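Participant: A structural model of the following input is requested.
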Amino acid sequence: MNGTNKLRLGVIGAGNIGNVHLKEFSKLSDACEVTAVTDADLPLAEARAKEYGVGTVAASAEALIASEDVDAVVIGVPNRYHAPLAVQALEAGKHVLLEKPMAIDAEAARTIMRAAAASDRTLMIAHQMRWESVPMQIKEQALRGELGRIYTAKTGWYRRKGIPGWGTWFTRMNESGGGPLIDIGVHMLDLALYFMGNPKPVSVYGSTYAEFGPKKKGIGTWGKPNWDGVYDVEDLATAMIKMEDGSSLTLEVSWAVHMDTDSAPFIHLMGSEGGASYRGAHGKLLTEKFDRPLETELRTPEGDEGARQRLSRHFLECVREGKEPISSAMTGFANSLILDAIYESSRTGDEVKLNWNY
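Facilitator: Numbering: from 1, shown residues only. Sure thing, here's the model as predicted:
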């Protein structure tokens, strides 16, 4: 911290997601200051610095991490760089807000876990859906015991025509780590496990398919395609995850699929005393009273400040107070283990037991 007691942030990655972080933290100028930004595309970093009044454009991520004017780093870069940069930042004594997924695969996630364990710094995974208004309302009811024991859940996100950045890092396995499973599936997996009380996953059975991308079909509007590039990831994934406590979770996600879908993320929680459904910006609590089914609608209130703002404030609070983030390193590690296991199960056709050692 500097003399003003503001947390000094350095943002690594000035693209779409980096811009989101710059925008949100700029609203919290009473508690933090973005002192540096960098990107592989330095002119883009310079443009962001000018837009948000950031004093330093670091020549590289390494230079930003080494800066004495940075207390914490925000990492918003392609997936394969998450682990190397997070480890480097933690070893340099920086707090870290790391974009999802935690890492490109489980082995890379293990390197982050070891660095985090050896550090006394905050490491938080930026799973913003935990801070959406309706999910927060559902979580509050679950914590109050209104759902009882959540014994099974179903979650997913079917995009009908939404392959992002065909041929760019999004669709290259060696840079992204996978397709919709690691891109949007990780959000739904994370949120469902959070709702369920973070039970310990122990085994996974899953399948992945690529029926659209290789044919250059199912293209969405996110990102600029590179038609000379590569598409070697899935465009649909499905899985069953079993927990140590006997509960289970099914997960289904797609970037492209021929089905009747509104392309909204969803979760259905089935509990012993009640249930909950979440879809897009809406939700329902479901139970039975006086031998009749009863439903309560949940909605995002008018003027809601937004999930990203709450996430950003939570990160600052965790650093300042030394408390564990809601989306902790361990929750990110659990997600990485499951994602890896789904890909492995699809390759082998077998159930995969999770290895929690790091």
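Participant: how many other residues sit next to A117?
Facilitator: A117 is flanked by 11 other residues according to other CB atoms under 10 Å. Backbone N, C-alpha and C define where each C-beta goes, glycine included.
Participant: now it. Nearest residue, chain neighbours left out?
Facilitator: Excluding the flanking residues, the one nearest A117 by CB to CB, 6 or more residues apart in numbering is Y358, at 7.9 Å.
Participant: what is the burial count for G322?
Facilitator: There are 10 residues near G322, going by other CB under 10 Å.
Participant: tell me the pLDDT at the residue lying closest to it once chain neighbours are set aside?
Facilitator: Spatially, and ignoring its direct neighbours in sequence, G322 is nearest to T122 (7.6 Å; CB to CB, 6+ apart). With respect to pLDDT, T122 scores 98.
Participant: cool, and N2?
Facilitator: 52.
Participant: so L269 lies in a strand, does it not?
Facilitator: Yes - according to DSSP: H, G, I helix; E, B strand; the rest coil, L269 belongs to a strand.
Participant: so it touches L147, yeah?
Facilitator: Yes - if you go by CB atoms under 8 Å, L269 and L147 touch, sitting 6.2 Å apart.
Participant: now do the shared contacts for the two.
Facilitator: Shared contacts of L269 and L147 (CB atoms under 8 Å, 6 or more residues apart in numbering): 275-276.
Participant: ok, what's across the strand from the nearest residue to L181 once chain neighbours are set aside?
Facilitator: Among residues not flanking L181 along the chain, A237 sits closest, at 3.9 Å (CB to CB, 6+ apart). Counting by DSSP bridges, A237 forms beta bridges with T208, V253.
Participant: pull the number of nearby residues for the closest residue to W169 other than its chain neighbours.
Facilitator: Of all residues not flanking W169 in the chain, E175 sits nearest, at 3.9 Å (CB to CB, 6+ apart). By other CB under 10 Å, the residues close to E175 number 16.
Participant: and P225, by the same measure?
Facilitator: With other CB under 10 Å as criterion, P225 counts 18.
Participant: what about the residue nearest to G322, how many neighbours?
Facilitator: Residues lying near T122 (other CB under 10 Å) number 25.
Participant: identify the bridge partners of T287.
Facilitator: Note on T287: beta-bridge partners by DSSP bridges are L294.
Participant: residues touching it, list them.
Facilitator: Per CB under 8 Å, 6+ apart, neighbours of T287: 146, 273-275, 293-294.
Participant: for the residues you listed, which one is nearest P78?
Facilitator: G275 (37.7 Å; CB to CB).
Participant: got the contact list for the closest one?
Facilitator: Contacts of G275 by CB under 8 Å, 6+ apart are 147, 268-269, 285-287.
Participant: any idea how far it lies from H282?
Facilitator: Separation of G275 from H282 (CB to CB, to the nearest Å): 15 Å.
Participant: mind listing what's buried along the longest helix along the chain?
Facilitator: The longest helix of the chain (DSSP state H) is helix 329-348. For helix 329-348, the buried set under the neighbour-count rule, 16 or more other CB atoms under 10 Å, comprises 329-343, 345-346.
Participant: gap between it and the chain center?
Facilitator: With CA atoms, centre = their mean, to the nearest Å as the basis, helix 329-348 stands 14 Å off its chain's centre.
Participant: which helices and strands does that helix pack with?
Facilitator: On a contact count with 3 or more CB pairs under 8 Å, 6 or more residues apart in numbering; DSSP states H and E, helix 329-348 meets helix 106-117, strand 123-125, helix 186-195, strand 201-209, strand 236-243, strand 352-353.
Participant: between those, which gets nearest to C32?
Facilitator: Distance to C32, taken as CB to CB, is lowest for strand 123-125 among the helices and strands packed on helix 329-348, at 13.9 Å.
Participant: pLDDT value on L42, please?
Facilitator: Listed pLDDT for L42 reads 98.
Participant: what's the distance between L90 and S247?
Facilitator: Distance, L90 to S247, by CB to CB: 32 Å.
Participant: actually T171, not the one I wrote
Facilitator: 34 Å.
Participant: kindly report the same for A115.
Facilitator: Separation of A115 from S247 (CB to CB): 31 Å.
Participant: over to R160?
Facilitator: Note on R160: its distance to S247, by CB to CB, is 30 Å.
Participant: neighbour count: those two, which is higher?
Facilitator: For R160 versus S247, neighbours defined as other CB under 10 Å are more numerous around S247 (20 against 16).
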